[in-house]
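**Q** I would like to see how this sequence folds:
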Amino acid sequence: MEKKTVRAGIVGAGFAARFHYEAMSKVYGAHVDVKGVYALDTQQAQAFAKERGIRCYESLDALLDDVDVVHCCVIVAAMMMFIFSEAFLMMPSASRTARKTAS
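**A** Predicted structure coming up:
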């Protein structure tokens, strides 16, 4: 029976990301194709990717477009700040203006 291939990506390139990458190589029952990594610290992400022969993504959106599963390996506080800032930037400009005016 042929194993299903799952395309995976890693957000973060630090301590936890190393463990997740290694664990994905040991998954039984499916082939995990690690497509690449994205991190706010571009230099760290580039080094992580180069060491493992995977792609370093320049944006979270690009990574999300290429994968089925995301391993989130970042400090929670930093990730929450990033998610909220990204959500704010995605809001229509009229909503942002209304929020600024209401403050």
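**Q** so how many other residues sit close to residue 21?
**A** Under the neighbour criterion other C-beta atoms under 10 Å, residue 21 is assigned a count of 21. Just so you know, the C-beta spots here come from the backbone N, C-alpha and C atoms, and that holds for glycine as well.
**Q** ok, it to residue 2 distance?
**A** Residue 21 sits 24 Å away from residue 2, going by C-beta to C-beta, to the nearest Å.
**Q** close enough to count as contact, residue 64 and residue 70?
**A** Yes - assessed by C-beta atoms under 8 Å, residue 64 is found in contact with residue 70 at 6.9 Å.
**Q** overlap in contacts, these two.
**A** residue 9 (C-beta atoms under 8 Å, 6 or more residues apart in numbering).
**Q** measure stretch 53-64 end to end?
**A** This stretch, stretch 53-64, spans 19 Å end to end (C-alpha to C-alpha, to the nearest Å).
**Q** flag every buried residue along that stretch.
**A** Using 16 or more other C-beta atoms under 10 Å as the test for burial, stretch 53-64 gives 54-57, 60, 63.
**Q** narrow those to those in helices?
**A** 60, 63 (DSSP state H).
**Q** now, which of the buried residues of stretch 53-64 sits nearest residue 14?
**A** Nearest to residue 14 among the buried residues of stretch 53-64: residue 56, at 14.2 Å, using C-beta to C-beta.
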